[in-house]
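K.L.:
Here's a sequence, model it:
(2 chains)
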Amino acid sequence: AQTVTQSQPEMSVQEAETVTLSCTYDTSESDYYLFWYKQPPSRQMILVIRQEAYKQQNATENRFSVNFQKAAKSFSLKISDSQLGDAAMYFCAYRSTGTASKLTFGTGTRLQVTL
Amino acid sequence: DTGVSQDPRHKITKRGQNVTFRCDPISEHNRLYWYRQTLGQGPEFLTYFQNEAQLEKSRLLSDRFSAERPKGSFSTLEIQRTEQGDSAMYLCASSIISGATNEKLFFGSGTQLSVL
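P.N.:
Got it, this is the predicted structure:
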């Protein structure tokens, strides 16, 4: 079974600064998907960014980018120019290919953004 | 597109009672998922439907849990004889599958269940 580990329960960043959230995972599969989801106080999980394991190029979405290290099974999220609205719980998630979206989530990192 | 709607937002019940939650997916989304999220944890997969067919159930879904999706539209999740360990947030998500396109889940805001 796959596991996802987020070792940072909480992180803090100043507005306009950059922060990196860590995620590692364990799998024996060679092809899969990785995700970062944001969960604000509204509780709705929102997809931030997605990475296909077969792609060497790191995914980017505006201020959000990932550092995907397949051999190390590491998938970190970098948030640039942090904004107050980025404050939320961030979850890293894994999904096997060829299956439905049965995601395996980590335990989350709470991101605080300060002025 | 009004998003995924879940009702109720909060539910408090006594141990041993039955509860039912409802999820209305985004119109025309053919897949619907249920996840459970306990305090301090990430969501865990429970079950999913493609149209009206329930295609997979997690081992987390004990016999006291039943989910339905009549006519492939809204879905209900029922928990019978609730236990304190059932206290959690129950999240619903939907997606549209068309060919080999990437599947993107759209989540609702969840139903927070508290069993006293």
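
K.L.:
From now on I want contacts and neighbour counts done on CA atoms only, so please keep to that.
P.N.:
OK.

K.L.:
got the contact list for A:Thr18?
P.N.:
Applying Cα atoms under 8 Å, 6 or more residues apart in numbering or on different chains to A:Thr18 gives the contacts A:Lys78, A:Ile79, A:Ser80, A:Asp81, A:Ser82.

K.L.:
how about a cut-off of 10 Å?
P.N.:
For A:Thr18, the contacting residues are A:Arg63, A:Phe64, A:Lys78, A:Ile79, A:Ser80, A:Asp81, A:Ser82, A:Gln83, by Cα atoms under 10 Å, 6 or more residues apart in numbering or on different chains.

K.L.:
got it, and B:Gln17?
P.N.:
B:Ile79, B:Gln80, B:Arg81, B:Thr82, B:Glu83, B:Val115.

K.L.:
Can you tell me which of those residues are buried?
P.N.:
Buried by 16 or more other Cα atoms under 10 Å in any protein chain shown: B:Ile79, B:Gln80, B:Thr82, B:Glu83, B:Val115, out of these.

K.L.:
pLDDT (mean, whole number) over the strand or helix carrying A:Phe75?
P.N.:
Using DSSP states H and E, A:Phe75 falls within strand A:74-79. The average pLDDT for strand A:74-79 rounds to 98.

K.L.:
now A:Lys78: how far from chain B?
P.N.:
20 Å (Cα to the nearest Cα, to the nearest Å).

K.L.:
thought that residue was touching A:Cys23?
P.N.:
No. Distance between A:Lys78 and A:Cys23: 11.3 Å, which falls outside the contact criterion (Cα atoms under 10 Å).

K.L.:
So if I had to pick from these two, which one is more boxed in?
P.N.:
The residue with more neighbours, out of A:Lys78 and A:Cys23, is A:Cys23; 24 against 18, by other Cα atoms under 10 Å in any protein chain shown.

K.L.:
ok, A:Ser42 - contacts?
P.N.:
Neighbouring residues of A:Ser42 by Cα under 10 Å, 6+ apart: A:Ala88, B:Gly108, B:Ser109, B:Gly110.

K.L.:
Neighbour-wise, give me the winner out of the residues you listed.
P.N.:
Most surrounded of the contacts of A:Ser42: other Cα under 10 Å gives B:Gly110, at 30 neighbours.

K.L.:
sec struct for the most centrally placed residue in chain B, please.
P.N.:
With distances taken as Cα atoms, centre = their mean, B:Trp34 lies nearest the centre of chain B, 3.0 Å away. What DSSP: H, G, I helix; E, B strand; the rest coil gives for B:Trp34 is strand.

K.L.:
Which residue is the nearest non-sequential neighbour of it?
P.N.:
B:Cys92 (4.7 Å; Cα to Cα, 6 or more residues apart in numbering or on different chains).

K.L.:
can you check A:Ser65 too?
P.N.:
A:Lys78 is the one closest to A:Ser65 (Cα to Cα, 6+ apart), at 5.2 Å.
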